[in-house]
Each structure stands twice: as structure tokens, then as C-alpha cells.
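S.K.: Below are the sequence and a predicted model for it; my questions follow.
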Amino acid sequence: GKILVTGANGYIAVWVVQNLLEQGFSVRGTVRSEEKGTHLKEIFKSYGDKLELVVVEDITKDGAFDEAVKGVDAIEHTASPFHFNAVDPQELIVPAVHGTTSVLASAAKYGQDVKRVIVLSSCASVIEPSAQPRTFDENNWNEWSIKEVETKGKDAGNAEKYRASKTLAEKAAWAFYEKNKASLSWDLVVLNPPFVFGPVLHAVDSSASLGTSAGDWYKTVLEGSKDEKTLVTFGSAWIDVRDLARAHVLALIKQEASENRIIVSAGPFVWQDWINVARKLYPDAGIPAGNQSFSSTNFAYPVNYDTSRATRLLGLTYRTQEELTRDSIELFKQKGWW
Ligand code: NDP
């Protein structure tokens, strides 16, 4: 079959493309310009015409994907802005929401062969602030960030602007699906990953342009960019980008995944955990020690996710923090960035 991957040049998407090609699928990727596709063409040239790239300049336009969806068997929608630099929340919300509804509308209209659409959402649309350590599951929705952005507009926190964009986009996907379900040839699956870290395959020319999540990992773990308190108090969860890519393939082929939002997470972390893993693997490399008062034994991680649905429906297993750290650092060394 042929799979449409939107935003095919992104950090996560390139790994999705790689996994699909490796599994024998053909891929049609969308990019915003011809130029953004050159690196993809280069790294996947051994696959020949199994990889096709099309330019979709503005994903928010009605009908943007009308041509792109023709003749594909499924869609993996990953294109969405991921950064914390927006002033007006609409800078993120408009492409997140309209990009999603636009691809779904095109799939409804012209995607006669489409059997499944997978939307890459985020744990950003699940999590809400909590004073106590908490375990979230797929029943949880991040109403908080939406309210923050509604009431504070440009003065809302940068993380809230991004999280609101992801929550609104996912809600729009489910709303479109519920409304049109009876006449669709396809079903919807949504994947909700937390922080995504691990090696990069996309076009990156220096450690400074690694992207939001992999760049944060590099700066925090290898350059010691965070203060000692943040290292042991900011808690979240993580998944290796290669496992998330595999989840995209599993979400495509597992019938049982139908109509589910699925949290895919390898486990919780505080940043000091990554520093400790890296220093253990590379004891003589001068990796900044961070906060050595931290012990993970009996530590109540602030943010946890129930991942039983991913295990049950996808059979997803996860790489370890050691594998992710080693493979990332070996790549950085090979590139001459570290
Ligand atoms: P990247 O920035 O590497 O990729 C984003 C992709 O979306 C690129 O192809 C980019 O195109 C495209 N895109 C961004 N803004 C627009 C826009 N306005 N119009 C059209 N295309 C756009 O980020 P990631 O790979 O990390 O993220 C991909 C997806 O995964 C996003 O939906 C993000 O929300 C989600 N996610 C990421 C997590 C992470 O930790 N990385 C965690 C959870 C979810 P271009 O290169 O042309 O800008």
C-alpha cells in the first residue's frame, strides 16, 4: 500500500517514513517546498520511486490536500508547529487545527482508497497541572491550556499556547470523525506521545538546529543548560523517536487500534536521570554532573502515563534510556557536534 505522510521532513516524520519504507510500504510525503525534500530524497534514494514527495505550501487552506490524498491507502498526519516562540497563540492554533481538519476533509472527499487516518497528537492534549504526582490516561483532556489561552491570549505561557494548539487540533479531529463517520471509508487513530528524544535523521546541520525536543535534550544533558532545581523537579515522560515511528506503523496495521487515542510513553523522567545515564555510559567525557543529590529510588515522579492501551492494542515495546542516550551521543560524535 501507499501511505501519505504530512510534514515528511520533520524530526519524527522522517523516522516514520523510514519505518514505512522498511516495512515495504510506498510513501508519499508532503513538504512545504521542493527544497525541504532534497535531504529525504538523498537518504532514501535506495528505495527509488517507493518514496514520492509532493509540495503542499499552505496546509491551512481548504482543499490543500485534495491532490495528495488521491490513491493513498492511509494517512499519517504529523505536520504541526512545535516550538515555544509564539507570541499570538493563533500562530500555533491555526496551522494545528486547520492543518488537521484540512487533511481530514480532503481524505473524506477524495481519499476513496483511504482506510485509516492516524493523527499525531501529543500528551500535551492529555496533561493538566497537578500539585501531586499524577498518572494520566486516555480519558484525560487538557482543558486547562485551552482556558489559559482563551483568558490570557498573548500573555498565556508559551507551553500553554503549544499545548492548546495540540488539544484543539485533536478535538477537531475527533469532532470531524464523529460527524462524518457514517460516510467515511476510513477510521481514525490518534497517537499521544510525551517528550520525543533520540537520534535525528532529518536535515540538521548543527546541534543548535536539532529541533525543540532533541535540542533541549542535547543542551540539558551535554551542555548543562538547566539549573540544579529544575533538573530534579521538572518531571515529564519520554519515548524514543524510533519507537514512536514504529507505533505509527503498528497503528496502521493493527485493526484493534481503530477509533482509539493511544498514549505511547516509555516512562517518566526528571532531567537528572538523563544526566546520570549519560555520565555512566561516558564517565570520562566531562558531562556536567548536574544535581547529584537526586536519587530515583522511591522518587515519586510528578507526571506518569498509563500505557496499558498501547500495550494491549499495539503491542508496543520501548527502548531504554541507555539505548537512547548511547545512540544519540554516538550520532552527535559522528557528526562532530560533541
Ligand atoms: P518538527 O518541527 O521537526 O516537524 C514539524 C513538521 O511540521 C515539519 O515538517 C514542519 O514543516 C511541519 N510544520 C510546522 N509548522 C507548519 C505549518 N505552519 N504549516 C505546514 N507545516 C508545518 O517537529 P517534530 O517532528 O518534533 O513534531 C512533529 C509532530 O509531533 C508535531 O505535531 C508535534 O506537535 C508532535 N509532537 C512532538 C513531540 C516532540 O517531543 N518532538 C512530542 C509530542 C508530539 P517545516 O519543516 O516546513 O517547518
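M.R.: Right, received. Where do you want to start? Quick caveat: nothing in here was measured; it's all calculated off a predicted structure. Residues are numbered from 1 along each chain as shown.
S.K.: Now do the host helix or strand of W15: which elements does it pack against?
M.R.: According to DSSP states H and E, W15 maps onto helix 11-22. Packing partners of helix 11-22 (3 or more Cβ pairs under 8 Å, 6 or more residues apart in numbering; DSSP states H and E): strand 2-6, strand 26-31, helix 38-43, strand 74-77, helix 241-253. For the C-beta atoms, the positions are set from N, CA and C on the backbone; glycine is no exception.
S.K.: contacts for the third one?
M.R.: Defining contact as Cβ atoms under 8 Å, 6 or more residues apart in numbering, one finds that helix 38-43 is touched by A8, N9, V14, V17, G29, V31, L51, L53, L201, H202, A203.
S.K.: What strands line up against the helix or strand just after that helix, and which way round?
M.R.: As assigned by DSSP H and E, the chain's next helix or strand after helix 38-43 is strand 51-55. Within its sheet, and counting by DSSP bridges, strand 51-55 is paired with strand 26-31 (parallel).
S.K.: count of residues packed around the residue in the stretch 1-150 of the chain that the ligand sits nearest to?
M.R.: The ligand sits closest to G10 of the stretch 1-150 of the chain, with a gap of 2.5 Å, by Cβ to the nearest ligand atom. If you count neighbours by other Cβ atoms under 10 Å, G10 ends up with 22.
S.K.: cool, and S33?
M.R.: 11.
S.K.: gap between it and S213?
M.R.: Counting by Cβ to Cβ, to the nearest Å, the gap from S33 to S213 is 23 Å.
S.K.: what about the residue nearest to R319 when sequence neighbours are not counted, how many residues close to it?
M.R.: The shortest distance from R319 to any non-neighbouring residue, by Cβ to Cβ, 6 or more residues apart in numbering, is to D240 (4.2 Å). Neighbour count of D240, defined by other Cβ under 10 Å: 23.
S.K.: contacting residues for D240?
M.R.: D240 makes contacts with V196, F197, G198, A266, Y318, R319, E323, L324, as judged by Cβ under 8 Å, 6+ apart.
S.K.: got the residues of the stretch 51-200 of the chain near the ligand?
M.R.: Near the ligand, the residues belonging to the stretch 51-200 of the chain are 59, 78-82, 95, 120, 122, 166, 193, 195-196 when assessed by Cβ under 6 Å from any ligand atom.
S.K.: Pull the most distant pair out of those.
M.R.: Farthest pair in these (Cβ to Cβ) is I59 and F195. Separation: 24.0 Å.
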